[in-house]
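Visitor: coords please:
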Amino acid sequence: MAFLAWLSASAVGQWVSGSTWAYPGLLFVHTLGLGVLVGLNSAVGLRLLGFAPRIPVAAMEPLFPYMWAGFWLNAVSGSVLFIADAPKKAANPSFLIKLVLIACAVVVMRALKRHAFLNPLNPPEVTNRTKMLAAMSLALWAGAITAGRLMAYTQALR
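Guide: Numbers count the residues shown, from 1 in each chain. Below you'll find the predicted structure:
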């Protein structure tokens, strides 16, 4: 906890918590990254589950670099937001659940890309395993978003 208190008292922590525009600006960037990551992931997942059958599954593969860009935008902005109030956020059960769900979602996203777009010379395969990974991906990102939103309420209960 001493390290977390030091982190919040650092120049970055003071800037984020003390500035009129830093926290809302970072929150905007975090939301933007989330929209890119989860929006595109949802498009891929829903397509693999059979929605929008006129869109070729192969057309979904180029979306992965954009998903990763959204992820890294979220990782950086989320880390800076964490620094602003590290002790409270680290003690918040919703925050810890959010981190676990994000880690699982990233693992599933990587597995989905490997499994669905296995061979660049062959068309993508939509197997039962691919569909299961797509459904898991959708559920994990929905859970991470929900846990993130619940952080404000679970923190207030403590």
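
Visitor: For stretch 90-98, output the C-alpha coordinates as PDB.
Guide: The C-alpha coordinates for stretch 90-98 follow below in PDB (Å, rounded to 0.1, in the frame of the first residue of the first chain):
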ATOM      1  CA  ALA A  90      -6.300  -1.500  -6.000                       C
ATOM      2  CA  ALA A  91      -8.600  -2.200  -3.000                       C
ATOM      3  CA  ASN A  92     -11.700  -2.200  -5.100                       C
ATOM      4  CA  PRO A  93     -13.000  -5.700  -5.900                       C
ATOM      5  CA  SER A  94     -14.600  -4.600  -9.100                       C
ATOM      6  CA  PHE A  95     -11.200  -3.300 -10.300                       C
ATOM      7  CA  LEU A  96      -9.500  -6.600  -9.700                       C
ATOM      8  CA  ILE A  97     -12.300  -8.500 -11.400                       C
ATOM      9  CA  LYS A  98     -12.000  -6.100 -14.400                       C
END
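
Visitor: contacts for it?
Guide: The contact list for stretch 90-98, computed with CB atoms under 8 Å, 6 or more residues apart in numbering, reads 1, 4, 82, 89, 143-144, 147-148, 150-151, 153-155, 158. From N, CA and C alone the C-beta is placed, and that goes for glycine too.

Visitor: Just the mean pLDDT for the helix or strand where Gly33 lies, thanks.
Guide: Using DSSP states H and E, the element containing Gly33 is helix 22-48. Mean pLDDT, helix 22-48: 96.

Visitor: tell me which residues in the longest helix seen in the chain are buried?
Guide: In the chain, assigned by DSSP state H, the helix with the most residues is helix 128-157. The neighbour-count check on helix 128-157 (16 or more other CB atoms under 10 Å) flags 130, 133-134, 136-138, 140-141, 143-144, 147-148, 150-151, 155 as buried.

Visitor: what's that helix packed up against?
Guide: Helix 128-157 sits against helix 22-48, helix 86-91, helix 93-116, with contacts defined as 3 or more CB pairs under 8 Å, 6 or more residues apart in numbering; DSSP states H and E.

Visitor: mind redoing it with 6 Å?
Guide: If you count contacts as 3 or more CB pairs under 6 Å, 6 or more residues apart in numbering; DSSP states H and E, helix 128-157 packs onto helix 22-48, helix 93-116.
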